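# just the structure for this:
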Amino acid sequence: MTSQTAAVGAVLTRARLTHAAAVGVAVGAGIAARYLVQRGSRPAPDGVVDWATAHAIAARRLRAAPGSLTPAELARSAPAYARAMERIVPLLERRLGAELPGVVDRHEVVDRQGWARANANVFRDLVGHLEAATISGRSSSPAAAVAMRANRFLATRQVGFLLGYLGTRVLGQYDIALLSAEGAPGRLLFVEENIRATARTLSIPLGDFRTWIALHEATHAFELEAHPWLRPYLRERLERQISGFLADAREIQAGGIRHFIARWRAAASEGSLTGFMSPEQRGLLRETQLVMSLMEGFSDWVMDEVGEQVLPDVAGIRQRFEARRRQRRRGVDRIISRLTGLDLKLEQYRRGERFVAGVFEAGGDAAIGHLWDGPASLPTDAEMDEPRRWVERILPAVAAAGPIAGQPVQAP
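Residues are numbered from 1 along each chain as shown. Got it, this is the predicted structure:
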């Protein structure tokens with residue numbers, strides 16, 4: 001569960017940060033002429049993002065956040081997570097009908113800056129695709145050099161701000177490198193400072209809250225590691241989005257500031273950065289959001305199912321956490337969430353869990369076991385709101401016979 005009010009899925013967060021960098025390229029190109037005379041013809045710096053500066057921007061914000069822990073304090077909390085994982089993984093394996101090899105060992109307790117560093121490394125890989133196409137084809141003219149400086153300035157601050165903003169909200173994350181050709185297994189990150197702060201705010205025993213978060217993220221490990229098709233599916237859509245962002249940057253560069261202003265007005269009228277996207281990009285985003293809704297909803301559903309076996313008041317924890325989510329959607333938080341599109345994540349949780357609960361009601365464990373069969377089994381937008389239609393399409397015989405609940409889910 002990556003945050004109360006911000007991104008819960010690293011996939012969409014990284015796509016949006018990459019889009020922010022692409023927008024920075026476009027903005028820089030549009031205003032380059034204004035700065036050319038004033039700033040001269042110094043050589044353009046390498047890279048769309050100055051990663052050291054971006055991390056420094058995020059680190060300043062995160063250091064100022066209350067509740068910072070020392071390395072020794074983080075180390076002392078690690079055994080508590082190890083015990084929680086040893087306790088919940090066998091229960092998850094039994095409920096899901098699949099092994100989760102290595103998940104117990106692949107976890108790490110980090111502070112906010114540690115989370116930011118880990119994600120900055122992945123963002124760097126994603127933006128590297130943008131850099132390769134942008135820098136290799138750039139002109140050596142003075143105007144182009146100024147444009148690249150403006151690009152770098154804006155994109156660096158966009159990435160740094162979002163890393164710092166999300167870093168105060170993220171609780172846990174199943175971290176994977178989607179663009180990695182090796183398909184290396186991911187690792188669980190627990191952001192102890194934020195987990196402690198949230199547990200204290202909600203008056204939830206810290207041990208119970210740690211277990212609750214671990215249940216959610218370990219279920220993400222099941223989704224991504226036990227179903228080999230899912231990571232390539234997400235990777236392909238992410239790469240296509242990056243390609244689209246590059247095309248956007250070149251298009252806006254060619255159209256100049258007027259083209260950029262037209263895009264900005266479209267974004268302002270829609271209330272988020274999705275207004276910058278082409279119809280194809282929006283389609284890809286919708287497909288990715290459907291998968292993320294399913295992933296988050298499935299994790300929440302499993303968390304409640306298994307949580308009853310290890311937590312004395314799992315329903316109470318959920319109620320307090322949901323209330324906290326609603327309270328934080330105000331003021332600056334609400335504005336930032338709207339501008340970046342991160343407010344969609346709350347609805348992803350709710351919509352996805354409603355869908356999974358509806359699938360279980362209509363088809364029982366037999367239907368739940370087919371949620372991750374492959375791309376063809378993913379729900380459509382309409383089915384997400386009417387789960388019985390999904391059961392009728394995937395398992396018509398089960399839908400006709402009614403649910404047979406209570407049996408362990410068998411992984412395909």
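# just to check, residue 106 is in contact with residue 188?
Yes. Look at residue 106 against residue 188 with CB atoms under 8 Å: they come within range, at 6.4 Å. In short, each C-beta sits where N, CA and C put it, glycine included.
# for the closest residue to residue 211 other than its chain neighbours, give me its contacts.
Leaving aside its sequence neighbours, residue 211 sits nearest to residue 84 (CB to CB, 6 or more residues apart in numbering; 4.6 Å). Residues in contact with residue 84 (CB atoms under 8 Å, 6 or more residues apart in numbering) are 207, 210, 211, 214.
# mind redoing it with 7 Å?
Shown in contact with residue 84 (CB atoms under 7 Å, 6 or more residues apart in numbering): 210, 211, 214.
# for the residues you listed, give me TSV that also has pLDDT, neighbour count and secondary structure.
Putting the contacts of residue 84 into TSV (pLDDT from 0 to 100; neighbours: other CB atoms under 10 Å; DSSP: H, G, I helix; E, B strand; the rest coil) gives the following:
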residue	pLDDT	neighbour count	secondary structure
210	96	25	helix
211	95	24	helix
214	94	28	helix
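# next, format the residues you listed as JSON lines and append distance to residue 102.
Below are the contacts of residue 84 laid out as JSON lines (distance: CB to CB, whole Å):
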{"residue": "210", "distance to residue 102": "20"}
{"residue": "211", "distance to residue 102": "20"}
{"residue": "214", "distance to residue 102": "15"}
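# quick one: the strands in the protein?
Taking DSSP state E as the test, the strands found in the chain are 107-110, 172-175, 187-191.
# tell me which of those sits most buried.
Highest mean neighbour count of those: strand 172-175, a mean of 26 (counted as mean count of other CB atoms under 10 Å).
# who does that one pair up with?
Sheet partners assigned to strand 172-175 using DSSP bridges are listed as strand 187-191 (antiparallel).
# so what touches the strand it pairs with?
Looking at what lies outside strand 187-191 - CB under 7 Å, 6+ apart - the contacts are 81, 106-110, 112, 115, 118, 170-175, 213, 217-218, 221.
# equivalent analysis for stretch 382-396, please.
290, 293, 351, 355, 358-359, 362-363, 366-367, 370, 377, 379, 398-399.
# mind redoing it with 6 Å?
With CB atoms under 6 Å, 6 or more residues apart in numbering as the test, stretch 382-396 has contacts from 355, 358, 359, 362, 363, 367, 370, 377, 379, 399.
# tell me the least confident of the residues you listed?
Taken together, the contacts of stretch 382-396 show their lowest pLDDT at residue 399, with 68.
# residue ranges in the stretch 51-200 of the chain under the pLDDT threshold?
Counting by pLDDT under 70, the stretch 51-200 of the chain shows low-confidence ranges at 126-127, 129-148, 177-183.
# any chance you could map the helices in it?
With helices called from DSSP state H, counting those that start in this stretch, the stretch 51-200 of the chain shows them at 51-64, 71-96, 112-136, 142-167, 192-202.
# of those, which is nearest residue 301?
Checking these against residue 301 by CB to CB gives helix 71-96 as the closest, at 10.6 Å.
# tell me the buried residues in that closest one?
Buried residues in helix 71-96, counting neighbours by 16 or more other CB atoms under 10 Å, are found at 74, 77, 80-81, 84-85, 88-89, 91-93, 95-96.
# from those residues, which is closest to residue 47?
Nearest to residue 47 among the buried residues of helix 71-96: residue 74, at 31.1 Å, using CB to CB.
# for residue 206, see how far away the closest one is.
From residue 74 across to residue 206, the span is 14 Å (CB to CB, to the nearest Å).
# just residue 359 next, same as before
Distance of residue 359 to residue 206, given as CB to CB: 33 Å.
# these two - which one has more neighbours?
Higher neighbour count among residue 359 and residue 206: residue 359, with 27 against 15, using other CB atoms under 10 Å.
# enumerate every residue touching that one.
Here residue 359 is in contact with 367, 387, 391 (criterion: CB under 6 Å, 6+ apart).
# let's see 7 Å
By CB under 7 Å, 6+ apart, residue 359 lies in contact with 367, 368, 371, 387, 390, 391.
# check residue 367 too.
359, 360, 391, 395, 398.
# if we can go back for a sec, wait, which of the strands of the chain is closest to residue 302?
Across the strands of the chain, residue 302 has its closest neighbour in strand 172-175 (13.3 Å, CB to CB).
# only C-alpha atoms, please: export the closest one in CSV.
The C-alpha atoms that make up strand 172-175 are tabulated as CSV, following Å, rounded to 0.1, in the frame of the first residue of the first chain:
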residue,chain,number,x,y,z
GLY,A,172,5.2,0.1,1.4
GLN,A,173,6.0,-0.9,-2.2
TYR,A,174,6.7,-4.1,-4.1
ASP,A,175,9.5,-2.7,-6.2
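# contacts for that strand, please.
Applying CB under 7 Å, 6+ apart, the contact partners of strand 172-175 are 1-2, 10, 118, 186-191, 213, 216-217, 220-221, 224.
# which two of these have the greatest separation?
191 and 224 (19.3 Å).
# sorry, back to before: need the helices of the stretch 51-200 of the chain in CSV with distance to residue 234, can you?
Below are the helices of the stretch 51-200 of the chain laid out as CSV (distance: least, CB to CB, whole Å):
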stretch, distance to residue 234
helix 51-64, 24
helix 71-96, 20
helix 112-136, 12
helix 142-167, 19
helix 192-202, 25
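# just those helices: most buried one?
Across these, averaging neighbours per residue (mean count of other CB under 10 Å) puts helix 142-167 on top, at a mean of 22.
# output the contacting helices and strands for that one.
helix 10-39, helix 51-64, helix 112-136 (3 or more CB pairs under 7 Å, 6 or more residues apart in numbering; DSSP states H and E).
# residues touching residue 311, list them.
Contacts were defined as CB under 7 Å, 6+ apart; by that measure residue 311 touches 208, 211, 212, 317.
# sweet, I'm off.
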